[in-house]
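Enquirer: sequence unknown, structure follows:
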């Protein structure tokens with residue numbers, strides 16, 4: 001049966017099965033949903049068996065359980081490992097939802113609910129493409145699935161699980177649908193992700209809050225000092241001033257810069273959408289290069305002193321900031337974390353004490369467009385969407401992707417189908433059903449091409 005006919009005849013069932021997952025509020029960030037995590041993992045186990053897996057099981061980890069499933073074609077056949085996550089973000093503020101977040105609603109050609117896209121809807125695309133290949137007798141290679149329940153809280157248990165089950169998860173490529181496209185009519189494959197390093201800074205001046213009239217001008221204000229220090233991290237050309245920060249930064253090849261330049265991008269609309277009059281970034285690079293394949297530094301939060309209603313003339317004892325740096329492939333986040341801490345301590349004046357605490361981080365990732373699995377994904381998109389997908393790097397970070405390469409030794413193809421309008425992590429998350437259908441077709445074609 002043709003894939004489009006198969007989708008048409010089974011779409012109502014697909015939506016019912018997706019809805020059964022969505023109704024389970026598998027919010028990993030909230031401990032009161034611990035039982036829901038197990039329930040959602042068990043529901044995925046059932047659905048994977050029904051889709052054609054030879055076996056599927058819920059496996060324990062140091063945190064929430066993982067779901068493993070497999071369909072083996074033979075010892076000599078290549079293997080695709082499909083990764084997804086079944087946990088979702090909290091739904092709050094619930095008053096901003098037009099319909100209950102965990103009661104899926106189909107309207108206007110979309111399914112609306114928390115997890116509709118991220119990542120239950122996109123994971124369902126993978127499972128239904130697999131189902132089609134199995135039922136039509138088209139699968140020529142091994143397919144394994146690993147679905148985790150902690151992605152939205154940083155996957156704290158996944159590394160240990162990967163190391164413990166390295167042989168079980170052995171594969172030739174990893175396939176992930178948890179990213180987005182440039183637009184519904186602009187299919188794209190994510191070829192790169194930035195890494196991340198994150199810190200908290202504490203600056204201490206006097207041993208207590210002081211009267212700003214009695215001490216102002218004679219004692220250093222920690223908030224002023226913190227601001228002065230932060231202003232020294234990035235220079236006037238938008239380059240990060242930390243010594244040796246750029247030692248491992250690889251310049252984007254000219255061919256890829258040309259590819260980025262061909263991506264349709266309206267800078268005026270971009271500015272209007274976020275409400276700014278002008279853009280700012282590293283000199284010598286375009287906006288799309290700056291936010292995807294160049295490093296960046298940002299103050300994510302800064303506080304101290306009195307911030308309540310009214311006024312209080314205080315010279316505070318302490319000031320704090322949370323800061324982050326997006327990194328590019330080949331930059332090691334632990335090395336960058338050390339360099340940043342050393343730099344901040346070096347520029348700290350003697351009239352304050354400074355403490356830098358690393359929080360978390362991860363490596364960047366690049367998928368070569370010459371990879372056979374990437375080219376199979378490219379053909380899948382071309383068949384489903386009617387045009388060749390653009391290869392794009394993304395500015396966000398998915399640290400587990402680099403962990404896969406480091407621990408399992410294989411590359412990942414990021415075959416995502418999300419759109420900006422899907423409002424993931426926000427109220428009224430949704431997923432377009434036409435994209436859902438095309439996604440199933442694209443992944444089925446990926447398997448057909450990969451099997452060749």
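Expert: Happy to help now that I have it. Quick caveat, the model's predicted, so the values are computed rather than measured.
Enquirer: okay, now the unreliable bits of the chain?
Expert: The chain contains no residues with pLDDT under 70.
Enquirer: where exactly do the helices run in it?
Expert: Here the chain has its helices, by DSSP state H, at 3-22, 34-51, 120-135, 158-164, 212-215, 222-230, 254-261, 267-274, 287-290, 333-347, 372-385, 399-408, 433-450.
Enquirer: residue 248 is in contact with residue 327, isn't it?
Expert: No: counting by C-beta atoms under 8 Å, residue 248 does not reach residue 327; the two are 9.1 Å apart. Quick note: C-beta positions are derived from backbone N, CA and C, even for glycine.
Enquirer: residue 426 and residue 400, how far apart?
Expert: 22 Å (C-beta to C-beta, to the nearest Å).
Enquirer: meant to ask about residue 199, not that
Expert: Following C-beta to C-beta, the distance that separates residue 199 from residue 400 is 21 Å.
Enquirer: repeat that for residue 173.
Expert: From residue 173 to residue 400 the distance is 15 Å (C-beta to C-beta).
Enquirer: quick one: which of the two has more around it?
Expert: residue 400 (24 against 20; other C-beta atoms under 10 Å).
Enquirer: so who does the more buried one touch?
Expert: Residues in contact with residue 400 (C-beta atoms under 8 Å, 6 or more residues apart in numbering) are 83, 151, 155, 158, 362.
Enquirer: do the same with residue 432
Expert: By C-beta under 8 Å, 6+ apart, the residues touching residue 432 are 109, 110, 184, 419, 421, 422.
Enquirer: from those residues, which land in strands?
Expert: residue 110 (DSSP state E).
Enquirer: in CSV: the contacts of residue 432, plus neighbour count.
Expert: Converted to CSV, the contacts of residue 432 look like this (neighbours: other C-beta atoms under 10 Å):
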residue, neighbour count
109, 11
110, 21
184, 14
419, 19
421, 13
422, 22
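Enquirer: got the contacts of residue 432 as a markdown table, with distance to residue 298 columns?
Expert: Output for these, formatted as a markdown table (distance: C-beta to C-beta, whole Å):
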| residue | distance to residue 298 |
| --- | --- |
| 109 | 36 |
| 110 | 32 |
| 184 | 30 |
| 419 | 25 |
| 421 | 25 |
| 422 | 24 |
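Enquirer: pull up the gap between the closest residue to residue 319 other than its chain neighbours and residue 160, please.
Expert: Once flanking residues are discounted, residue 319 sits nearest to residue 304: 3.5 Å by C-beta to C-beta, 6 or more residues apart in numbering. Relative to residue 160, residue 304 is positioned 37 Å away (C-beta to C-beta).
Enquirer: neighbour-wise, which of those two wins?
Expert: More crowded of residue 304 and residue 160, by other C-beta under 10 Å: residue 304, with 20 against 13.
Enquirer: the more buried one touches residue 225, doesn't it?
Expert: No: with contact defined as C-beta under 8 Å, residue 304 does not reach residue 225; the gap is 10.3 Å.
Enquirer: list residues touching both of those two?
Expert: 203, 319.
Enquirer: buried stuff in stretch 272-285?
Expert: Neighbour counts over stretch 272-285 (16 or more other C-beta atoms under 10 Å) mark 281, 282, 285 as buried.
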